[in-house]
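>>> missing the sequence, but the structure's below:
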DNA sequence: AATAGCGCTCGTTATATTTGAGTGCTAATA
DNA sequence: TATTAGCACTCAAATATAACGAGCGCTATT
């Protein structure tokens, strides 16, 4: 019996919490007791709502900018709200349809698909969208080709089984025969090897060269460089939407955000945290423990190649975003990308 | 005699004009008559300076934000000032040295050299730096390679004589023999052909295929796509510096600037105007006739491959920049890039 | 336990006042 | 005739004052 009573009270408080969060998402102004009652058909008196909001504040879900102002959600409040959205709603059918249309003009280049996906995320959310390319450590080598471009230069072409193509010029002067031998050596020993392990593998197998093949030896070492150059790549779009986010002034916030967007490494670090989680994930404000992001939330979802998670995509928006819509957006797009990667 | 007198007067006015411009560059506040006298050792009374400034205003070189404020330069004022800097000063030797150091860790990839150059421009100017890659119409084909990546897909690799590498996957299923024939056909007919003309050339030479080589024919058409995909490429860095430019508020200006930075095509259009000029060139504020740039100036310099101008680089900064320094920066870097391109 | 009522707080907005930088003009001066 | 000193005037920006009202917390009531 008490159990039920408690649950009813809880229910009522939750309703108020989400009313505040939704209202604040719309107006960006502190939410007063009256508005909660009017707009979210709660059949309680203002006084009661005030009491409950006071309790919610004591428990850390809401705050007060100043004495006589309405309530705004804390990070903890957002967290509770987000956690309570257990099941991701399906998107409106028309939206789903539009996303599919966007994917329809498919390209064979995985790079352009990822770039497109990032643009889609940004376009639909009106925030900043990003896609981290398949992580190199889960990207295995499919083929390596060596094209001579001049007397003493060779273009290395690297194709991974995720379909990514990397190339690099290095200065090595070998004759056609030596080149072919090196190429075969590389392909024989590196096929299916992860990019992260390739250097080590070359070092290990290089012993098989004979003494008199010194040129080949040094060339192979040269080639190792390409693997060091490869970093986890990331596509970011709609950074200018950041301007629209902060409702006027708040100059410094934007400044640091714009700067943040230019520094891809930081973002990579942040979203890598969500990589292992596999599914959808939200970092709210200071949860990221990065000062630049204290007023922002990041919604991410890992995507997979049908086998295992290989990358992460998502959006960055203001803390007061419409989490329900954004969660379903990110989730849908990640599914769409999964689909695409499976069918290629 | 009068000639001399006139020239003296002019001289004096010019001195005031550049005093105002320099002071305004430092403080971003309207410049009054007193400051001009104090800081630029002009031995005239405030009243006289006021008279001369009034004349300069009548002639359109200065304006007034409001009655009781100092003067600020107009676009015409800047233009006169910039034009009067006839000879580009040499850079401080240490600066020159630092630039050379930056270039020292040279890479063989022209792409990374250009990207680096853009970062250098941004870093030294503290504004936005950009480098437009060698224009495609001056970029000739050096080699084309076709690598089969699966049953029905081929990776086309295109190397230009400027050293750029482009690649694209297309869906064509040919056997090894056909592939070799196609490759030879392409190389025989396209070597030294400009990227801009390549499609037309293929269409022209394709007749030589026999009737029974329909697969080859359609494959060749497929390959034409790669040439359509190639656009003049541009590297932009330090867009976030734009924030530092506008001294607080001016929110909308920044907004449009950030947006401008995301749209590379507009910038390409703007700087293409300076391409033909060959040398160094400045667009001040509304001279670009683009509203987003009305408070900004663009300093550009074409660079060449020892033979002819092939691209443009430069910086975008506030109208009230230190033109002397920026002109010499852009000029030096363009020389450095010329040097690099010649010695490769 | 829920609510009505009321006084209090404090940010916001509006209005008035002061300040001072810098002008333009006129009359004196070299 | 060109320059300068002097002074009244203007107007943005800073400062001060007042009025407003949204929304709270608290207490007494149902």
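Ah, there it is. Remember, predicted model here, so these are calculated numbers, not experimental data. Numbers count the residues shown, from 1 in each chain, chains lettered A, B, ... in the order given.
>>> Need the three-state assignment for the residue in the stretch 51-200 of chain A that DNA strand D sits nearest to.
Using C-beta to the nearest atom of the strand, the closest approach of the stretch 51-200 of chain A to DNA strand D is made by residue A:68 at 3.6 Å. All C-beta atoms are positioned from the backbone trio N, CA, C, and that covers glycine. Classification of residue A:68 using DSSP: H, G, I helix; E, B strand; the rest coil returns coil.
>>> Just give the number of residues close to it.
Here the count is done by other C-beta atoms under 10 Å in any protein chain shown, and residue A:68 has 8 residues near it.
>>> What segments of chain A are helices?
Here chain A has its helices, by DSSP state H, at A:2-27, A:33-39, A:46-58, A:75-84, A:93-104, A:110-125, A:176-190, A:195-205, A:214-229, A:241-245, A:251-262, A:264-272, A:323-342.
>>> sorry, back to before: if I look at the residue of the stretch 51-200 of chain A closest to DNA strand D, how far off is residue A:30?
For residue A:68, the distance to residue A:30 (C-beta to C-beta, to the nearest Å) stands at 10 Å.
>>> go on, residue A:274?
Per C-beta to C-beta, residue A:274 is found 31 Å from residue A:30.
>>> On the pLDDT front, check the residue of the stretch 51-200 of chain A closest to DNA strand D for me.
Looking at residue A:68, its pLDDT reads 89.
>>> Quick check: closest non-adjacent residue to residue A:117.
The shortest distance from residue A:117 to any non-neighbouring residue, by C-beta to C-beta, 6 or more residues apart in numbering or on different chains, is to residue A:131 (5.0 Å).
>>> residues near that neighbour, how many?
Quick note: residue A:131 (other C-beta under 10 Å) scores 28 neighbours.
>>> who's in contact with the residue of chain A found nearest DNA strand D?
Residue of chain A nearest DNA strand D, by C-beta to the nearest atom of the strand: residue A:32 (2.9 Å). Residue A:32 makes contacts with A:70-71, as judged by C-beta atoms under 8 Å, 6 or more residues apart in numbering or on different chains.
>>> and it, backbone torsions?
When read as degrees, to the nearest 10, the backbone of residue A:32 gives phi -90, psi 170.
>>> From residue A:72, how far out is it?
According to C-beta to C-beta, residue A:32 stands 11 Å off from residue A:72.
>>> same thing with residue A:213?
Separation of residue A:213 from residue A:72 (C-beta to C-beta) stands at 70 Å.
>>> residues from the stretch 51-200 of chain A in reach of chain B?
Along the stretch 51-200 of chain A, the residues adjacent to chain B under the rule C-beta under 8 Å from any C-beta of the partner chain are A:108-109, A:142-143, A:145, A:147, A:149, A:153, A:155, A:157, A:159, A:163, A:165, A:167-171.
>>> what sits against the spatially closest residue to residue A:323 that is not a sequence neighbour?
Of all residues not flanking residue A:323 in the chain, residue A:82 sits nearest, at 5.3 Å (C-beta to C-beta, 6+ apart). Residues near residue A:82 by C-beta under 8 Å, 6+ apart: A:282, A:284, A:323, A:327.
>>> which of the residues you listed lies closest to DNA strand C?
residue A:284 (23.9 Å).
>>> Which residues does the closest one form beta bridges with?
Beta-bridge partners for residue A:284, by DSSP bridges, are residue A:297.
>>> Let me see the contact set for it.
By C-beta under 8 Å, 6+ apart, the contact list for residue A:284 reads A:75, A:78-79, A:82, A:297, A:319.
>>> One more: residue A:161?
Residue A:161 touches A:139-142, A:192, counting by C-beta under 8 Å, 6+ apart.
>>> how about those residues in JSON lines, adding neighbour count and distance to DNA strand D?
Converted to JSON lines, those look like this (neighbours: other C-beta atoms under 10 Å in any protein chain shown; distance: C-beta to the nearest atom of the strand, whole Å):
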{"residue": "A:139", "neighbour count": "24", "distance to DNA strand D": "53"}
{"residue": "A:140", "neighbour count": "18", "distance to DNA strand D": "58"}
{"residue": "A:141", "neighbour count": "22", "distance to DNA strand D": "61"}
{"residue": "A:142", "neighbour count": "19", "distance to DNA strand D": "61"}
{"residue": "A:192", "neighbour count": "8", "distance to DNA strand D": "62"}
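>>> ok, how many other residues are close to the residue in the stretch 151-300 of chain A positioned nearest to chain B?
The nearest approach of the stretch 151-300 of chain A to chain B comes at residue A:169, 4.0 Å away (C-beta to the nearest C-beta). For residue A:169, the neighbour count with other C-beta under 10 Å is 22.
>>> Enumerate every residue touching the closest residue to residue A:13 other than its chain neighbours.
Nearest residue to residue A:13, sequence neighbours excluded (C-beta to C-beta, 6+ apart): residue A:52, at 5.7 Å. By C-beta under 8 Å, 6+ apart, the residues touching residue A:52 are A:12-13, A:16, A:44.
>>> what does residue A:26 give?
Neighbouring residues of residue A:26 by C-beta under 8 Å, 6+ apart: there are none.
>>> Backbone dihedrals for residue A:294, please?
Dihedral angles (degrees, to the nearest 10) for residue A:294: phi -70, psi -20.
>>> That one against residue A:283, yeah?
No: using C-beta atoms under 8 Å as the test, residue A:294 is too far from residue A:283 to be in contact (11.1 Å).
>>> Who has more neighbours out of those two?
For residue A:294 versus residue A:283, neighbours defined as other C-beta under 10 Å are more numerous around residue A:283 (23 against 16).
>>> Could you report the separation of the closest residue to the more buried one other than its chain neighbours from DNA strand C?
Take residue A:283 and drop its neighbours on the chain: the residue closest to it by C-beta to C-beta, 6+ apart is residue A:298, 4.6 Å away. Look at residue A:298 and DNA strand C: by C-beta to the nearest atom of the strand, to the nearest Å, they are 28 Å apart.
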